[in-house]
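# Test case, fold it:
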Amino acid sequence: PFEGAPSDLNKLEMATYFSYEKGVFTDPVSPVEPYIPCRTSVVFDSSDPKDVKYGDHPLEYPTSGTLANNDVYCVGLYPNENWTVTTDNQSKTTSFSHVIDGDADVMWGEQIAGSHQNNFPPMKVEHLLTWVKINISATSAKAAEVWGDVTDLTIYTPNDVVKINVSSSAKTTIEYTG
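Residues are numbered from 1 along each chain as shown. Model prediction:
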């Protein structure tokens with residue numbers, strides 16, 4: 001799992017989605033300047049603010065036209081890859097799903113908003129999986145000699161997918177399905 005704060009030695013690379021519509025996040029094939037809406041990647045290597053780019057192009061708040069000074073919305077996802085994204089433009093909701101594979105940590109940065117007048121607040125990233133600590137005990141110290149070493153541990157769960165539902169009108173919900 002990712003632990004601690006991002007630094008040069010502890011980098012956090014997240015998929016980030018930007019949109020002009022709250023709750024509606026898409027991955028357009030060819031976004032045009034100022035490159036919103038889009039999906040891009042941000043590597044956090046400190047707690048300092050980051051300039052975000054789409055490829056080599058910086059994302060910028062629109063300062064002219066019909067979208068000037070409107071809010072821009074952003075969410076963050078870790079790991080950077082292998083998310084299934086489903087957007088319903090009518091209900092203004094987007095669902096992000098990721099398989100729980102037992103190896104990858106899964107984290108989520110809640111939807112935040114910014115504009116030309118008001119920069120984005122810091123994104124708070126939360127772990128979506130549970131860490132499990134297993135203790136094995138016995139009534140006798142000789143049990144280890146009889147049992148031998150524990151060589152494998154398997155935890156079964158009926159749910160192997162985490163699904164994040166982001167909306168324009170309701171609080172984000174997290175579901176475990178599969």
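# what's the least confident helix or strand in the chain, going by average pLDDT?
Least confident helix or strand of the chain, by mean pLDDT, DSSP states H and E, is helix 143-147 with a mean of 84.
# any idea which helix or strand comes after that helix?
strand 161-167 (DSSP states H and E).
# wait, what's in contact with the most centrally placed residue in the chain?
Nearest to the geometric centre of the chain sits L77, at 1.8 Å (CA atoms, centre = their mean). By CB atoms under 8 Å, 6 or more residues apart in numbering, the residues touching L77 are 14-17, 83, 96, 98, 107-109, 164. Using the backbone N, CA and C atoms, a C-beta is placed for each residue, glycine as well.
# ok, so what distance separates it from S64?
31 Å (CB to CB, to the nearest Å).
# again, but for W131
Per CB to CB, W131 is found 48 Å from S64.
# Could you do D51 as well?
Taken as CB to CB, the span from D51 to S64 is 20 Å.
# likewise D105?
Distance from D105 to S64, by CB to CB: 41 Å.
# Could you give the bridge partners of T177?
Assessed by DSSP bridges, T177 has beta-bridge partners V161.
# Contact partners for G109?
Counting by CB under 8 Å, 6+ apart, G109 touches 14, 16, 74-78, 123-126.
# Put the buried members of those into a ChimeraX selection.
To isolate in ChimeraX the members of the contacts of G109 that are buried, counting by 16 or more other CB atoms under 10 Å, one can use:
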select :14,16,74,75,76,77,78,123,125
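# which residues are in contact with the host helix or strand of T94?
T94 belongs to strand 93-99 when assigned by DSSP H and E. With CB under 8 Å, 6+ apart as the test, strand 93-99 has contacts from 17, 23-26, 75, 77, 79, 82-88, 104, 106, 108, 160-168, 178.
# Which of the contacts of G109 fall in helices?
Taking DSSP state H, every one of the contacts of G109 sits outside helices.
# ok, the contacts of G109 vs A113, which is closest?
Closest to A113 out of the contacts of G109 is C74 (7.6 Å), distances taken as CB to CB.
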